[in-house]
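Undergrad: build me a model:
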Amino acid sequence: MARAPLLLLLPLLAALCLASLAPGANAAGRKMVGVYELRKGDFSAKVTNWGATVTSVVFPDSKGNLGDVVLGYDTIAEYVNGSSYFGALVGRVANRVAKARFVLDGKVYHLYANDGKNALHGGHRGFSKVIWTVKEYVSGGDSPHITLYYHSFDGEQG
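TA: As a prediction, this is how the structure comes out:
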């Protein structure tokens, strides 16, 4: 995975996404996928609002050499089209629900089966496969942070 060219382009990509007409939206009102960098000293982290996914965490090793410790893809398109859960916020549940069903208070709930006969990490459209809304983003300073929001409606994915 060639990270060097990506590292140079991500801040520019983040700036372009943040410069849209409305936070997280394009001219047609559609949500846009962006990359957001948080930086403090030698530490940096990159997050995309696609699946609330951590795409990079860079910090110095014991010799002061900076390194990215996140296993992941090189492009956002690979996260969108990929089948792995690298860095993603998985859910509604993590791991598999056998036979894509469970019983709660005597009621049987049927889930979307996306792993053979099982439901994996929240089904076909789990939290890792949706665009989250960026509610707040502070890239640097004393307390860099990002707040992501997604509303999962009652019964979504079963």
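
Undergrad: for the rest of this, base every contact and every neighbour count on C-alpha atoms.
TA: Fine.

Undergrad: residues of stretch 43-59 that come out buried?
TA: Of the residues in stretch 43-59, 44-59 count as buried by neighbour count, 16 or more other Cα atoms under 10 Å.

Undergrad: who does the longest strand along the chain pair up with?
TA: Counting residues, the longest strand found in the chain (DSSP state E) is strand 53-60. Applying DSSP bridges to the sheet, strand 53-60 is found paired with strand 43-48 (antiparallel), strand 66-68 (antiparallel).

Undergrad: now it: average pLDDT?
TA: For strand 53-60, the mean pLDDT works out to 96.

Undergrad: which residues are contacting it?
TA: With contact meaning Cα atoms under 8 Å, 6 or more residues apart in numbering, strand 53-60 is reached by 42-48, 65-73, 86-89, 128.

Undergrad: returning to that earlier point: so which of the strands paired with strand 53-60 comes closest to K117?
TA: Nearest to K117, of all the strands paired with strand 53-60, is strand 43-48, at 30.3 Å by Cα to Cα.

Undergrad: circling back to that earlier point, from the chain's centroid, how far away is the longest strand of the chain?
TA: 12 Å (Cα atoms, centre = their mean, to the nearest Å).

Undergrad: could you pull out the strands for the chain?
TA: Using DSSP E, the strands of the chain run over 35-40, 43-48, 53-60, 66-68, 96-97, 101-104, 107-110, 119-120, 133-138, 145-149.

Undergrad: where does this protein have its least confident helix or strand?
TA: The weakest-scoring helix or strand in the chain, judged by mean pLDDT, DSSP states H and E, is helix 4-18 (a mean of 37).

Undergrad: neighbours of the residue lying closest to Y137 once chain neighbours are set aside, how many?
TA: Distances taken as Cα to Cα, 6 or more residues apart in numbering put I146 closest to Y137, at 4.4 Å, once the chain neighbours are dropped. Number of residues near I146 (other Cα atoms under 10 Å) recorded here: 16.

Undergrad: I146 touches V138, doesn't it?
TA: Yes - the pair I146 and V138 qualifies as a contact (Cα atoms under 8 Å) at a distance of 6.3 Å.

Undergrad: that older thread, E156 is nearest to which of the strands paired with strand 53-60?
TA: Across those, E156 has its closest neighbour in strand 43-48 (22.4 Å, Cα to Cα).
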